[in-house]
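Engineer: Turn this into a model:
(one chain, ligands or ions: 1)
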Amino acid sequence: MAERQPAERARHWRDVYSAREEAAFTWFEARPQVSLDLIEHYLPPGEGATVIDVGGGTSRLVDALLERGYGPVAVLDIAPTALDATQRRLGPDADAVTWIAADITGWDPPGQWALWHDRAVFHFLTAERDRAAYVAAMAAALRPGGHAIVATFAEDGPETCSGLPVCRYAPASLFATVERISPGAFRLVEGRRHVHVTPKGNRQSFQVTVLERQRK
Ligand SMILES: C[S@@+](CC[C@H](N)C(=O)[O-])C[C@H]1O[C@@H](n2cnc3c(N)ncnc32)[C@H](O)[C@@H]1O
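Structural biologist: Sure thing, here's the model as predicted:
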């Protein structure tokens, strides 16, 4: 299968978010409970509770993080149309968030966060060089001891999402991929399975891997 070039990828996602409302997407969650539970477990809100949601799209995770007192919070997405929609939903609260319109495979983190969250983005990276760029960005963006929560389709999950092919993982294979690219940069903390029910009632198997950035 031909690899998607960054410009084509950006166009795809811009068009996706221009065409429909958030609740029409298969990945929509009225309340991102699995993510919130994990984030609260690994990073209680308060001083230094900085979070970046990578490929956040129009997810309501940012709303819930602000309500709980996390910050600074950053949301990165390749689709400015998604960031615009999320900002409109948040209203004045949007000013408390750092909005980053970027392709994660070409992004050089300007700082560090305590927690990296990604739900359903890494699995779109089907080329090793894109995965390598992602892992390099994740390693640079996380402070030592910080956690990455990476949710992807599980090995028995769908083979495509939004019309694009995906790579499916178990926590062990996701960690092996990260370790192959950046040996010793992360420790596998935990992995769990989760079944997401889409707005139309279809079931999708996810895995969620938690990694800890190692002090070097
Ligand atoms: C399936 S959606 C998930 C959105 C959100 N994480 C959620 O759980 O609702 C995938 C998101 O990743 C974004 N995305 C896809 N490829 C990306 C890339 N290379 N860099 C940054 N964002 C990307 C898309 O624009 C989209 O918002």
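Engineer: can we go C-alpha only for contacts and neighbour counts from here?
Structural biologist: Will do.
Engineer: could you dump stretch 9-20 to CSV, C-alpha only?
Structural biologist: Taking C-alpha atoms only, stretch 9-20 is exported to CSV below (Å, rounded to 0.1, in the frame of the first residue of the first chain):
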residue,chain,number,x,y,z
ARG,A,9,-2.6,13.2,5.4
ALA,A,10,-3.3,16.8,6.5
ARG,A,11,-5.9,17.2,3.8
HIS,A,12,-7.6,14.0,4.7
TRP,A,13,-8.1,15.0,8.3
ARG,A,14,-9.0,18.6,7.5
ASP,A,15,-11.8,17.3,5.3
VAL,A,16,-13.0,14.8,7.8
TYR,A,17,-13.5,17.5,10.4
SER,A,18,-15.1,19.9,7.9
ALA,A,19,-17.7,17.4,6.9
ARG,A,20,-19.3,16.3,10.2
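Engineer: hmm, that stretch touching the ligand?
Structural biologist: Yes. Interface with the ligand: stretch 9-20 contributes Trp13 (Cα under 6 Å from any ligand atom).
Engineer: Please apply the same query to stretch 177-196.
Structural biologist: No. Using Cα under 6 Å from any ligand atom, stretch 177-196 never reaches the ligand; the gap is at least 10.5 Å.
Engineer: what about that stretch, how long is it end to end?
Structural biologist: End-to-end distance for stretch 177-196: 24 Å, by Cα to Cα, to the nearest Å.
Engineer: Buried residues, that stretch. List them.
Structural biologist: Of all the residues in stretch 177-196, those buried under the rule 16 or more other Cα atoms under 10 Å are Thr177, Val178, Glu179, Ile181, Ala185, Phe186, Arg187, Leu188, Gly191, Arg193, His194, His196.
Engineer: and if you look at stretch 32-48?
Structural biologist: For stretch 32-48, a neighbour-count test (16+ other Cα under 10 Å) marks Ser35, Ile39, Tyr42, Leu43, Pro45 as buried.
Engineer: dump the residue contacts of the fourth one.
Structural biologist: If a contact means Cα atoms under 8 Å, 6 or more residues apart in numbering, then Leu43 has Ala49, Ala114, Leu115 as its contacts.
Engineer: quick one, what contacts Arg187?
Structural biologist: Listed by Cα under 8 Å, 6+ apart, the contact partners of Arg187 are Leu211, Glu212, Arg213, Gln214.
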